[in-house]
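[1] Return atomic coordinates for the entry below.
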Amino acid sequence: MKKITILFSIFLIINFSSTIKAANSQQDLPGGLLGGLLGVLGNVIDFLRNLLTPKFDLNDEELKDLAEKLGELAKLGYTITQEELQKRVQQVFEINTLTGGEWTAKLNLVSLLPLEAQKKLCGTLGVEANGNTNDEPPRDKRGALRAKRADSCSYKIDFDVRNKWPRCRSIISYVHDQG
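    Numbers count the residues shown, from 1 in each chain. Model prediction:
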């Protein structure tokens, strides 16, 4: 435990001495102490502010949330380009404009994932546009199989339910015509 305390103190002093650059070190003491902890997040927020603020009006809270979401995205092993990030933020702003303030859309982790990962989460990965999956025959072939079975099957579809199920006649007669 004593060794860990000594190592932590050494790293803190190194961090403090490397981050303080001003002549008056008393003013920069909180920044120097927290620089290693919040410096990376601050750099990401500044980068996002420079990237997105000229087009979109994001406050500090929204920028911080976005930076945290991007960190979670990186932990999952995904990356997002600047253009793609701007496109996603643009979509959120368009949705918020269309709703007229009735409700507010926000970026979340799922909306930042690549399209393939979103499809995988929804269970639609491998489904083509017409609903075919890779391991099933196309729908028109299955329809042909149904047509062959239909020739051998005969269904009488017209009957009076009161005669077909006489015990239910009172209930069936009570139901009004809904047609």
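
[2] For the protein, just list every one of the helices.
    Assigned by DSSP state H, the helices in the chain fall at 2-19, 29-52, 60-75, 82-99, 109-112, 115-122, 139-152, 161-164, 169-174.

[3] Do I have it right that residue 89 meets residue 107?
    Yes: taking contacts as CB atoms under 8 Å, residue 89 lies within contact range of residue 107: 6.8 Å. C-beta coordinates here come from the backbone N, C-alpha and C atoms, glycine included.

[4] quick one: contacts for residue 109?
    With contacts defined as CB atoms under 8 Å, 6 or more residues apart in numbering, residue 109 is in contact with 69, 72, 73.

[5] How many residues are close by the first one?
    Applying other CB atoms under 10 Å, we find 18 residues neighbouring residue 69.

[6] how near is it to residue 164?
    From residue 69 over to residue 164 the distance is 61 Å, taken as CB to CB, to the nearest Å.

[7] Just checking, which helix or strand of this protein averages the lowest pLDDT?
    Here the helix or strand of the chain ranked lowest by mean pLDDT, DSSP states H and E is helix 2-19, holding a mean of 57.

[8] who's in contact with residue 69?
    Neighbouring residues of residue 69 by CB under 8 Å, 6+ apart: 107, 108, 109, 112.

[9] whoops, I mixed them up, residue 88
    Contacts for residue 88 (CB under 8 Å, 6+ apart) come out as 80, 107, 111, 112.

[10] Now do the first one, the pLDDT please.
    Here the pLDDT value assigned to residue 80 is 87.

[11] First-to-last residue distance for stretch 101-109?
    23 Å (CA to CA, to the nearest Å).

[12] Report the rounded mean pLDDT for that stretch.
    Per-residue scores along stretch 101-109 average to 84.

[13] Give me the neighbour count for residue 76.
    Number of residues near residue 76 (other CB under 10 Å) recorded here: 11.

[14] what residues are up against it?
    Counting by CB under 8 Å, 6+ apart, residue 76 touches residue 113.

[15] what's around the nearest residue to residue 162 once chain neighbours are set aside, how many residues?
    The shortest distance from residue 162 to any non-neighbouring residue, by CB to CB, 6 or more residues apart in numbering, is to residue 169 (4.9 Å). The local packing of residue 169 (other CB under 10 Å) involves 13 other residues.

[16] If anything else comes up later, I'll come back, but that's it for now.
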